[in-house]
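>>> Give me a 3D structure for the following:
(chains A and B)
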Amino acid sequence: MNFDNWVPLLIVIIPLFVSVFIFTLAEDKTKTRSVLNIGASLFSLGLVGFILWGVSSGHHYETRFSFLPGLDFVLRADSLSMLFVTLSSALWMLTTVYAIGYLEGSPHRSRFFGFFSLCVAATLGVALAGNLITFLLFYELLTLATYPLIVHRGTIKVRRAGRIYLMYTLAGGAFLLLGTVLLYSITGTLEFVTGGFLSAFDSSNHSLLILVFVLLMIGLGVKAAIIPLHGWLPHSMVAPAPVSSLLHAVAVVKAGAFGIVRVVYDVFGIEFSVILGLTLPLAIIASITIIYASIRALFQDGLKARLAYSTVSQVSYIILGVAIAGPLAAVGGVVHLVHQGVTKITLFFCAGNFAETLGIHNISQMHGVGRRMPWTMTAFTIGALGMIGIPPLAGFISKWYLGLGALEAGQAWVLWVLAGSSLLNAAYFLPILYVAWFKKPRGDWPAEQKFGKYETSLLLLVPPLITALFVVLLGLFASLPFSALAWSEFIISKEFLL
Amino acid sequence: MLIDSPHWIIIIILLPILGSVVCFLWREHIVKLALATAVGTVTSVGVLSWQVITNGVQRYELGAWSAPLGIELYLDGLSLLMLLVTAIVGFAISIYASAYFKDDKTNIFWPLWLFLWSALNALFVSSDIFNLFVTLEIIGLSAVALVALSGGANAITAAMRYLLVSLLGSMLYLMGVALLYHSYGTVDMVLLSLRTEMTPTMWLIMGLMTTGLLLKTALFPLHFWLPPAHSSAPVPVSAVLSALVVKASFYILWRLWIVVFPLADHAQANLGFILGLLGSLAIVWGGFQALRQTRLKLLIAYSTVMQIGYLFLAFPLANVMGWKATLYFILAHAVAKTAMFMAAGNILIHRGHDRIADFYSMAQYLPLTISAFALSGISLMGLPPSGGFIAKWLLLEASIVSGQWWWGLVLIVGGLLTGAYVFKVLGYAFIQEDSSNEPYPIGISKRMEWMALGMALLAIVLGFIAPFILRIMDIGSPFAEVLS
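From the prediction side, this is the model:
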């Protein structure tokens, strides 16, 4: 065993240890906790940078030990996993800073940060999982680690939301387990292989493989919030803002979407999926989700509820990109994993700032908020425009590639979905921007707090500004090496054997 | 060398009996003596494990008389794992009980429990059916006495019912033993396996023994005695009963089914199907009953009714993978259920009641205990990573490979039901209390909290050491007979 065999495990173990250590910390040790949290996330970020460099120059990092007879526990740093790992570690850092500011002085912080780190560990495990059983392991761990975060506030209403969340995710997990076992009993292997491994098996039994695919998609679709499996997501908005941010941008919904990417590319293989006729239904379901959720978003007055439906819609872009089954669209889908994450976390950070500083929870209360909190509102505006897909922001790049890819694959109908959803995005985001910037405030704010000379606490203000900056940079410099786009092209070139 | 001595197998039986008698006679130092006995027993089991793992199957002829005249003790991978889990759970329960009963200096718990431990050890190394009867009877009687310990009206009623059921079960089993001895002239299992054949008498024997053992194992619909007995006993006793005692009678049935009963393939399949069906009903019925309970200890007791159902899914599968899965399930369940009862005990002492709806803020007052409850719940649900997951995975695989996917569905439904009742408790534990309530002054012993958490963590660790455990199961290939 050399160092390369331990690196992927180290990535997962660091937040896990942080989590265990924080659980044992006394409630009032704020400083120790903060230093530990930020220190660990910075260290991880450094490690991720090191691995990124290694992976791009052809190094293999793999941890493997026997888990069950014939099945290994595998963590592997390949190009696809590193995309998700990088996103998770970077946003973990920023969300930690934000959460420290957000939860200042509130009770049960040790518990919160403990489960928060556990949640990050699970997400990184999902990203690095080298076979389906390891993936399943971390996927379920993620469910368990997020539950205490959702019910953190401990009211009756929150308990109900937690119950709904569990009903969906545990049932989803059961489908995933069933699909995994069935797959294993057919093939005897669960290892992710670039280009997929199923086409190598006896192809006489297509209907059974289709059943496996459906089971896996239901299991993953719950977390990715595909319609009609999205019911838990708007309810889980009762969680504190940093949790919603992390849930929506990186952890839960992304784990589902990432799993779908993995299954289609590295289990079934994109060509074999097309042969089985699985991609078109998937594309249609994704399209329905995109449009339907955008329409639902239009009618929400709660800011977080509108953002939640927007997430349901945007995550399906990733699935759509995969399901169009052409390399350009795939690049668009995979890069949206990062772009949506960075953009959506900006919006949720800002929503949290409005709630925390001014007590604003609804869009109808946002009149003139741009004057009171110009920096936060600027970040929000960038995020909203990015979601709509205004060039040169990150969201535009994703949509551009999705559109080009649809044309390339001869599926022009997708353009209508893209155009319709962009219009709807504009219809539910632009009114917010309008009232916030151009209307006059309606007297006093619902519950205003003063934070010295800045519009809000700096810990709350800096993270959304940084992520908003990323929304701009990821779009502007998309063509540079090591941008999310370049990396996605690197991934897809392998999957399509270009 | 001392460590290579063949007598360790007898020491694990004699030492707890000796401890039991000494505890009974010398009450002043009862806890110290009992804990010393527990340490000694665990060490002996440890040495024995080392012997089996390095040298394979162990045999021991009592007084150097061999079967069929003498009593032979036999130790293979299956026996060893049962001994090991008994030792680990037994040790944890002893430590827990030393804090739980700390105000009661002359407690009768200790001699009874050590006596029970000795009988469990003896049962797992016995290879003749009469010896098994004797040990089973001792286990039943000490268990009944332990249930009656807490002394309330409920406990006495439950204990009386348990006593009757236990005696009836033993009697049915004993009739089977008598008929077998009458027909084939031996009580040794290996010799019986060579002689038995399918006759009408054999059907009667199988019916009697199976019914007796099912009654003692509390398989649905013969489970009626279990919830009151397990829930009204003192907490350490509940843990012993759920984790170990119901497994003892199951173990006998298992050995008989594999070794002694001369079942043809189709008969095995039909009977197996019936047992699997009863197991499935136990899972669904027990799960719904557990979900309905408003008291934590009753909830856990019904959870045991449910989990016993899982054990019987192995009979229709009846392949090596299914058996191994079942054994893994037994280990995981024993450890997790012990942790869960211990957690319930902590809550009971802390709150003075176990009404689930009044568990608000428990996660804040007893974080270690609630963690223990949650972690053991994860294993019971069969979520990864945990021993329960390994067992569930193997069972699912066995059911799909053998083309009986419906048992797999039962497993999935069972997992979801377990999730529902575990999170019902956790959901209440996370609710913040109203500020109007008084804080709870009753602190509980850290030892009790850590024991619960330790057992729960062990259930999780079982999820990572599967290759090692599965290798031990192969020693002496206890499940090989069904291969044919």
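
>>> How about the closest residue to chain B within the stretch 151-300 of chain A: what's its closest non-neighbour residue?
As assessed by C-beta to the nearest C-beta, chain B sits closest to A:Gly154 within the stretch 151-300 of chain A, at 3.6 Å. The way it works is simple: take the backbone N, C-alpha and C, and place the C-beta from them, glycine included. In this structure, A:Gly154 finds its nearest non-sequential neighbour in B:Gln432, 3.6 Å apart by C-beta to C-beta, 6 or more residues apart in numbering or on different chains.

>>> check contacts around the one you found.
A:Arg153, A:Gly154, A:Thr155, B:Tyr360, B:Ser361, B:Gln364 (C-beta atoms under 8 Å, 6 or more residues apart in numbering or on different chains).

>>> residue ranges for the helices of the stretch 101-250 of chain B, please.
For the stretch 101-250 of chain B, applying DSSP state H, counting those that start in this stretch gives helices covering B:109-125, B:129-148, B:153-184, B:189-195, B:200-217, B:226-232, B:235-240, B:246-255.

>>> So which of these is nearest chain A?
Here helix B:246-255 is closest among the helices of the stretch 101-250 of chain B (C-beta to the nearest C-beta), at 21.4 Å.

>>> Next secondary structure element downstream of that closest one?
Next in sequence after helix B:246-255, counting helices and strands by DSSP states H and E, comes helix B:265-292.

>>> and that next one, what does it pack onto?
helix B:296-311, helix B:314-317, helix B:405-430 (3 or more C-beta pairs under 8 Å, 6 or more residues apart in numbering or on different chains; DSSP states H and E).

>>> Where among those is average confidence lowest?
Least confident of these, judged by mean pLDDT, is helix B:314-317 with a mean of 86.

>>> So which residues make contact with that helix?
B:257, B:269, B:271-273, B:275-276, B:279, B:322-323, B:325-326, B:395, B:398-399, B:402, B:404, B:407.

>>> Report the buried members of those.
Neighbour counting with 16 or more other C-beta atoms under 10 Å in any protein chain shown marks B:257, B:271-272, B:275-276, B:279, B:322-323, B:325-326, B:395, B:398-399, B:402, B:404, B:407 as buried within the contacts of helix B:314-317.

>>> of the helices of the stretch 101-250 of chain B, which approaches B:Leu311 most closely?
Taking C-beta to C-beta, helix B:246-255 is the member of the helices of the stretch 101-250 of chain B nearest to B:Leu311, at 5.7 Å.

>>> Helix, strand or coil: sort out the nearest residue to B:Asp4 once chain neighbours are set aside for me.
Closest residue to B:Asp4 apart from its sequence neighbours, by C-beta to C-beta, 6+ apart: B:Gln51 at 7.2 Å. Three-state call for B:Gln51 (DSSP: H, G, I helix; E, B strand; the rest coil): helix.

>>> is it true that B:Gln51 touches B:His7?
No. B:Gln51 is not in contact with B:His7 according to C-beta atoms under 8 Å; the separation is 11.0 Å.

>>> Quick check: what element follows the strand or helix carrying A:Tyr317 along the chain?
Secondary structure assignment for A:Tyr317, by DSSP H and E: helix A:303-323. Counting by DSSP H and E, the next helix or strand C-terminal to helix A:303-323 is helix A:327-358.

>>> Give me the buried positions along the helix or strand where B:Ile12 lies.
Remark: B:Ile12 resides in helix B:8-25, with elements defined by DSSP H and E. Residues B:8-13, B:15-17, B:19-20, B:22-24 are the ones in helix B:8-25 that count as buried (16+ other C-beta under 10 Å).

>>> ok, of those residues, which one's closest to B:Tyr162?
Nearest to B:Tyr162 among the buried residues of helix B:8-25, with distances taken as C-beta to C-beta, is B:Ser20, at 20.6 Å.

>>> Now for that closest one: which residues touch it?
B:Thr37, B:Trp110, B:Pro111, B:Leu112, B:Leu114, B:Phe115, B:Ser118.

>>> With just CA atoms, put stretch B:179-191 into CSV.
Extracted in CSV, the C-alpha atoms of stretch B:179-191 (Å, rounded to 0.1, in the frame of the first residue of the first chain):
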residue,chain,number,x,y,z
LEU,B,179,-39.6,-41.2,20.0
LEU,B,180,-36.3,-40.8,18.2
TYR,B,181,-34.4,-42.7,20.9
HIS,B,182,-37.0,-45.4,20.8
SER,B,183,-36.9,-45.7,17.0
TYR,B,184,-33.2,-45.4,16.4
GLY,B,185,-31.5,-46.2,19.7
THR,B,186,-29.3,-43.1,19.9
VAL,B,187,-29.6,-39.4,20.8
ASP,B,188,-26.4,-38.4,19.1
MET,B,189,-27.1,-36.1,16.1
VAL,B,190,-24.5,-37.4,13.8
LEU,B,191,-25.5,-41.0,14.3
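
>>> can you list the residues of the stretch 351-484 of chain B near chain A?
Contacts of the stretch 351-484 of chain B with chain A, taken as C-beta under 8 Å from any C-beta of the partner chain, map to B:361, B:363-364, B:367, B:374, B:378, B:381, B:383-385, B:390, B:392-394, B:396-397, B:400-401, B:408, B:412, B:415-416, B:419, B:423, B:426-428, B:430-432, B:464, B:466-467, B:470.

>>> Domain map for chain B?
Domain assignment for chain B by automatic domain parsing gives B:1-262, B:264-484.

>>> Just checking the distance from the last one to the centre of its chain.
Meaning domain B:264-484. Centre-to-centre, domain B:264-484 and its host chain are 12 Å apart (C-alpha atoms, centre = their mean, to the nearest Å).

>>> Who are the contact partners of the residue of the stretch 51-200 of chain B found nearest chain A?
In the stretch 51-200 of chain B, the residue that lies nearest chain A is B:Gly77 (14.7 Å; C-beta to the nearest C-beta). Counting by C-beta under 8 Å, 6+ apart, B:Gly77 makes contact with B:Val52, B:Ile472, B:Met473, B:Asp474, B:Ile475, B:Gly476, B:Ser477, B:Pro478.

>>> Now it: closest residue in space that isn't a chain neighbour?
B:Ile475 (3.5 Å).

>>> got it, and A:Val312?
Nearest one to A:Val312, counting by C-beta to C-beta, 6+ apart, is A:Ala293 at 3.8 Å.

>>> Ok, B:Glu197 next?
The spatially closest residue to B:Glu197, leaving aside those adjacent along the chain, is B:Pro262, at 5.5 Å (C-beta to C-beta, 6+ apart).

>>> So for that neighbour, what's the pLDDT?
76.

>>> Could you check how far it is from A:Met373?
Here B:Pro262 is placed at a distance of 82 Å from A:Met373 (C-beta to C-beta, to the nearest Å).

>>> Counting neighbours, go ahead and name the busier of the two.
Set B:Pro262 next to A:Met373 and count neighbours by other C-beta atoms under 10 Å in any protein chain shown: A:Met373 wins out with 22 against 16.

>>> got a list of what the residue nearest to that one when sequence neighbours are not counted touches?
Closest residue to A:Met373 apart from its sequence neighbours, by C-beta to C-beta, 6+ apart: A:Glu455 at 4.5 Å. Applying C-beta under 8 Å, 6+ apart to A:Glu455 gives the contacts A:Thr357, A:Arg372, A:Met373, A:Pro374, A:Trp375, A:Thr376, A:Leu461.
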